[in-house]
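Enquirer: mind looking at a prediction? Sequence and model below.
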Amino acid sequence: MRASRAKDVVREEPLPLLLLTAQQVAQMCQVSLDKVYEWTYAPGFPAIVSPHYLRIHAGLLDDWLQSRATGRSAEDDGGNEPRPTEEAA
């Protein structure tokens, strides 16, 4: 008996995007495209930049956004020091 080839086909889910365009990031973050380009100058922003190419690493972008939301830099070791306030300055 011949085995049917259709049974041998394994359908896999598509891989998640690893690299995003600036337009995709702007849409995901609900910010302007100009804001995304501004972020590319921020220290630690996970971008691959060349004169004609810009891609942002999706997983590292999430980490970068979380560090900005918590007031920690990407280089912080995750210590529990409080965020500086205006009164402390």
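Expert: Cool, the structure landed.
Enquirer: what secondary structure does residue 43 sit in?
Expert: coil (DSSP: H, G, I helix; E, B strand; the rest coil).
Enquirer: can you report how many residues lie near it?
Expert: Residues contacting residue 43 under the criterion other CB atoms under 10 Å number 8. Every residue, glycine included, has its C-beta placed from N, CA and C.
Enquirer: please apply the same query to residue 45.
Expert: Residue 45: 19 neighbours (other CB under 10 Å).
Enquirer: which residues in the protein form strands?
Expert: Assigned by DSSP state E, the strands in the chain fall at 19-20, 47-50, 53-57.
Enquirer: tabulate the ones you listed (JSON lines), appending mean pLDDT.
Expert: JSON lines is the format used below for those (pLDDT from 0 to 100):
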{"stretch": "strand 19-20", "mean pLDDT": "96"}
{"stretch": "strand 47-50", "mean pLDDT": "93"}
{"stretch": "strand 53-57", "mean pLDDT": "95"}
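Enquirer: for those strands, give me JSON lines that also has mean neighbour count and distance to residue 64.
Expert: As requested, the strands of the chain are exported to JSON lines (neighbours: other CB atoms under 10 Å; distance: least, CB to CB, whole Å):
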{"stretch": "strand 19-20", "mean neighbour count": "17", "distance to residue 64": "12"}
{"stretch": "strand 47-50", "mean neighbour count": "13", "distance to residue 64": "10"}
{"stretch": "strand 53-57", "mean neighbour count": "17", "distance to residue 64": "9"}
